[in-house]
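Novice: From the sequence below, what's the structure:
(chains A, B, C and D)
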Protein chains: 2
Amino acid sequence: MSLLSKSCVYGIRASILMAVREQDKNKYLSIKDIAEELNLSAHFLTKILQQLTQKGLLVSHRGPKGGVRFSRPAKEIMLIEIVEAIDGLGLFEECALGLAGCGTAAPCPLHDSWSKHKVELRKLFEKENLSEVAQNVKDAGLRLRTVSQAELLNMKSYK
Amino acid sequence: MSLLSKSCVYGIRASILMAVREQDKNKYLSIKDIAEELNLSAHFLTKILQQLTQKGLLVSHRGPKGGVRFSRPAKEIMLIEIVEAIDGLGLFEECALGLAGCGTAAPCPLHDSWSKHKVELRKLFEKENLSEVAQNVKDAGLRLRTVSQAELLNMKSYK
DNA sequence: ATAATTTAGGATAAAAGAGTCTTTAATATT
DNA sequence: AATATTAAAGACTCTTTTATCCTAAATTAT
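Specialist: Residues are numbered from 1 along each chain as shown, chains lettered A, B, ... in the order given. Down below sits the predicted model:
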């Protein structure tokens, strides 16, 4: 299993890219452009970003010059909000052994250690806002798209 | 997404139960009995435990009085081995944003924080051996099977 | 008005995960 | 030797996730 679904991962990558390209308040970034830059299907990404629009994280606009933008300043949007909108918060709330009703009253054998761990995992997504992540991406030239082995070899090491 | 697949979770629950029922060296526990006690499909559990047998964690035996047992003492088998045999170690090794080739040379925006976190998550499964978990289960009466709301209400609180 | 662009939304398909069922092989017991 | 029991293995089904494709609706520009 993976921590996050592919949809969620794509939603996060797209959101970070949008924050990197932070526009004028009234401009929109087209989903097609985002998809091209991230090297993934525009149709599929459209579906995913629709979820973010429906949850109120994005505002969309149809027609020429249309696209999507954040409904709030990027620095007020935490990664956990993207995760919540797409995958939900189950990862941070459920029993590691998938036992319904697992809790202090009737704990599974992993309950205690996993409970503590979940809190830390959740913090990882709660502490980062899109603006800061985007700034790091710009400063350090971090990447958002999958890179082939050949491309990797040509990259400079950041040590 | 969930941390572990259902197959993996069932495999872990079954393994813990086997450790609780720790038998004579030469006795086997039938998969049908394990499945009944965990309230899940015997056929499905058979498939899952087959994987553990193929990886050498279990020894199986057909025919009457047949079943499965651990190939080594339960106290030498760590939870991570069950996870590895069923889900693989991808969870502890892959990029949180699913980027192939993500690493220090070409990190994704979550690389640093997720890298540190992965180590801790892995430790959670590396530090627990089946014997200790089973002992806790016995001492505290912890549970391994899903319980209905009605049953839960009848349970004593452990505070 | 017309045409072009872009998101919305539904239909469909492909792939993976979860689960069931049937047959086969091994083996212990009678 | 015959029977009953149990895991192994493969076929098959169902569901969810991932992905593609097509049409509709909105909106801008000509």
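Novice: per-residue confidence at residue A:102?
Specialist: Note on residue A:102: pLDDT of 90.
Novice: Name all residues that make contact with the closest residue to it other than its chain neighbours.
Specialist: Excluding the flanking residues, the one nearest residue A:102 by Cβ to Cβ, 6 or more residues apart in numbering or on different chains is residue A:95, at 3.6 Å. For every residue, glycine as well, the C-beta is placed using N, CA and C. Neighbour list for residue A:95: A:102, A:108, A:110, A:111, A:114 [criterion: Cβ atoms under 8 Å, 6 or more residues apart in numbering or on different chains].
Novice: Quick check: which element contains residue A:95?
Specialist: Of the helices and strands defined by DSSP states H and E, none includes residue A:95.
Novice: If we go by neighbour counts, what in stretch A:91-111 is buried?
Specialist: A:91-92, A:94-99, A:101-102, A:106-111 (16 or more other Cβ atoms under 10 Å in any protein chain shown).
Novice: check whether that stretch contacts DNA strand C.
Specialist: No - using Cβ under 7 Å from any atom of the strand, we find that stretch A:91-111 stays clear of DNA strand C, coming within 9.0 Å at best.
Novice: Let's test this: mean pLDDT of stretch A:23-41, rounded?
Specialist: Stretch A:23-41 comes out at a mean pLDDT of 92.
Novice: So is it next to DNA strand C?
Specialist: Yes - using Cβ under 7 Å from any atom of the strand, we find that stretch A:23-41 touches DNA strand C at A:28, A:30, A:31, A:32.
Novice: what do you get for stretch A:57-67?
Specialist: Yes - with Cβ under 7 Å from any atom of the strand as the criterion, DNA strand C is reached by stretch A:57-67 at A:60, A:61, A:62, A:63, A:64, A:65, A:66, A:67.
Novice: returning to what we had before: which of the residues of stretch A:23-41 next to DNA strand C count as buried?
Specialist: Applying 16+ other Cβ under 10 Å to the residues of stretch A:23-41 next to DNA strand C flags A:28, A:31 as buried.
Novice: If we check DNA strand D, which of the residues of stretch A:23-41 next to DNA strand C are in contact?
Specialist: Okay, of the residues of stretch A:23-41 next to DNA strand C, nothing touches DNA strand D (Cβ under 7 Å from any atom of the strand).
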